[in-house]
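Colleague: this one's sequence-less:
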Ligand SMILES: [Zn+2]
């Protein structure tokens, strides 16, 4: 099933390359490639939208949404002059499947049993018990890796990509596509590790207002991750702090947490399977989910491109 997703990503890579996009394999893990699709100028000092999917292998719908967005972009490269024009000044990078081994096996962690979203260097500090990250065993969920161990190859690949492509940008907005919590779709911003407000809170809230005023009836709840639970070792907290320390410019990392409980509520039997608790199972519901988030991604691209007017 997820072989099919990787095959689709490779087909898209071929077409994207023919249309002047650049596709890079960040690293291979157990022979499975992690692709990054680069659209737009090679000038790193330009606005950027970064879309990431498949960090948690179970949450296949995140990769499905990233693939739908890639398909839109690649198709539009053939005819949309406005997009092509924007891409001479801005960039979009899509990493549709960061954890191919986890997706292949149908589980959350990577092949070593490590939860990639708990794998950044993190001081020992209180977090939500268990869910917020644990160092006891890779046989249990939410394993962060052993204290002091190097980051996993997938996490390292994402961190080095972001450092390279986003740290020189005047405004980089990242959105990481997840599913599994609650009945509504949430857009989360840092910090995940504590309820301390991020230093960019005012800017982040202005971005929230842009979403509210530009996408009527959008249905997203815009909130700080730590309001729901606190996480140690969150990769985006780590990258956000590193980018902040450099001064000028901004990296605003968001997480879209698609509310999968709503799919289970409408189709209760799917709650009996692990994958069913994290993904829409009925084809019409998957299709709806895939198209539903494109306007948000579009808006974030426009927001990054037009950062001077609101940031
Ligand atoms: Zn997730």
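Modeller: Structure's in. What do you need? This one's a predicted model, so the numbers in the text were calculated from it and none came from an experiment. Numbers count the residues shown, from 1 in each chain.
Colleague: and the next element down the chain from whichever helix or strand residue 178 is part of?
Modeller: Secondary-structure assignment from DSSP states H and E places residue 178 in strand 171-179. Past strand 171-179, heading to the C-terminal end, the next element that is a helix or strand (DSSP H and E) is strand 185-189.
Colleague: contacts for the helix or strand following that following strand?
Modeller: Elements were assigned by DSSP H and E; along the chain past strand 185-189, the next helix or strand is helix 201-214. The set of residues that contact helix 201-214 without belonging to it, under Cβ atoms under 8 Å, 6 or more residues apart in numbering, is 173, 187, 189, 198, 218, 220, 222, 250, 252, 296, 299, 303, 310-311. For every residue, glycine as well, the C-beta is placed using N, CA and C.
Colleague: in PyMOL, how would I select the buried members of the residues you listed?
Modeller: Only the buried members of those end up in this PyMOL selection, burial being decided by 16 or more other Cβ atoms under 10 Å:
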select buried, resi 173+187+189+198+218+220+222+250+252+296+299+303+311
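Colleague: as JSON lines, the contacts of helix 201-214 with pLDDT and distance to residue 163 would be great.
Modeller: Conversion of the contacts of helix 201-214 to JSON lines gives the following (pLDDT from 0 to 100; distance: Cβ to Cβ, whole Å):
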{"residue": "173", "pLDDT": "98", "distance to residue 163": "16"}
{"residue": "187", "pLDDT": "97", "distance to residue 163": "24"}
{"residue": "189", "pLDDT": "98", "distance to residue 163": "20"}
{"residue": "198", "pLDDT": "97", "distance to residue 163": "19"}
{"residue": "218", "pLDDT": "93", "distance to residue 163": "31"}
{"residue": "220", "pLDDT": "96", "distance to residue 163": "28"}
{"residue": "222", "pLDDT": "97", "distance to residue 163": "26"}
{"residue": "250", "pLDDT": "96", "distance to residue 163": "15"}
{"residue": "252", "pLDDT": "98", "distance to residue 163": "16"}
{"residue": "296", "pLDDT": "97", "distance to residue 163": "25"}
{"residue": "299", "pLDDT": "97", "distance to residue 163": "26"}
{"residue": "303", "pLDDT": "98", "distance to residue 163": "22"}
{"residue": "310", "pLDDT": "95", "distance to residue 163": "25"}
{"residue": "311", "pLDDT": "92", "distance to residue 163": "21"}
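Colleague: of the contacts of helix 201-214, which belong to helices?
Modeller: Among those, the members found in helices (DSSP state H) are 296, 299, 303.
Colleague: residues near residue 164, how many?
Modeller: 10 (other Cβ atoms under 10 Å).
Colleague: sounds good, over and out.
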